[in-house]
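> Have a look at this prediction, sequence included:
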Amino acid sequence: MPEYSEYLGEAVRAARSKTTLTQAQVAEKAGIDNRTVLNIENNKGNPKLEVLYSLVRTLKIDPTEIFYPEVHRDTPSLNQLRILIEECSEEEAATIIPVLESVLNALRDKNAISIG
């Protein structure tokens with residue numbers, strides 16, 4: 001099975017464990033078959049979009065865990081940053097983006113000089 005099946009299976013299994021729901025309960029809430037949840041958690045699933053969508057929404061899975069697993073890092077600072085961003089209005093977010101990009105570029109340039 002493709003690598004993405006592992007990421008999906010791990011994300012669904014972890015999210016379900018956090019909620020303490022059984023596979024049957026997740027299936028019922030998501031409106032899908034029990035075997036589908038079982039197959040996905042065993043890395044044998046290649047669900048249709050409507051199934052994937054329903055599972056992600058039901059279990060409140062961060063899609064980056066599935067589609068960009070190499071990016072997902074769960075640290076206190078990143079979690080705090082995510083919370084702050086989620087609380088922003090669209091206008092606030094648009095204002096913060098260039099500031100954040102500038103700060104990150106400066107930090108990365110500084111690190112590159114230090115290493116080099």
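Thanks, I have the structure now.
> Which of the helices and strands in the protein ranks last by mean pLDDT?
helix 76-86 (a mean of 82; mean pLDDT, DSSP states H and E).
> how much does the helix or strand just after it deviate in direction from helix 76-86?
Using DSSP states H and E, the next helix or strand after helix 76-86 towards the C-terminus is helix 90-115. Orientation note: helix 90-115 sits at an angle of 150 degrees relative to helix 76-86 (axes from the mean of the first three to the mean of the last three Cα atoms, to 10 degrees).
> packing partners for helix 90-115?
Contacting helix 90-115 under the criterion 3 or more Cβ pairs under 8 Å, 6 or more residues apart in numbering; DSSP states H and E is no other helix or strand. (Each C-beta comes from the backbone N, C-alpha and C, glycine too.)
> How far off centre is that helix?
Distance of helix 90-115 from the chain centroid (Cα atoms, centre = their mean, to the nearest Å) equals 23 Å.
> So which bits of it are buried?
Going by neighbour count (16 or more other Cβ atoms under 10 Å), nothing in helix 90-115 comes out as buried.
> Stretch 17-36 too?
Applying 16+ other Cβ under 10 Å to stretch 17-36 flags 21, 23, 26, 27, 30, 32, 36 as buried.
> wouldn't the fifth one be in contact with residue 52 here?
No - counting by Cβ atoms under 8 Å, residue 30 stays clear of residue 52, with 9.9 Å between them.
> Now name the helix or strand holding the closest residue to residue 39 other than its chain neighbours.
In space, residue 39 comes closest to residue 45 once its chain neighbours are excluded; the distance is 4.3 Å by Cβ to Cβ, 6 or more residues apart in numbering. Here residue 45 is covered by no helix or strand, with elements defined by DSSP H and E.
> Give me the residues contacting the least confident helix or strand of the chain.
By Cβ atoms under 8 Å, 6 or more residues apart in numbering, the residues outside helix 76-86 that reach it are 93, 96.
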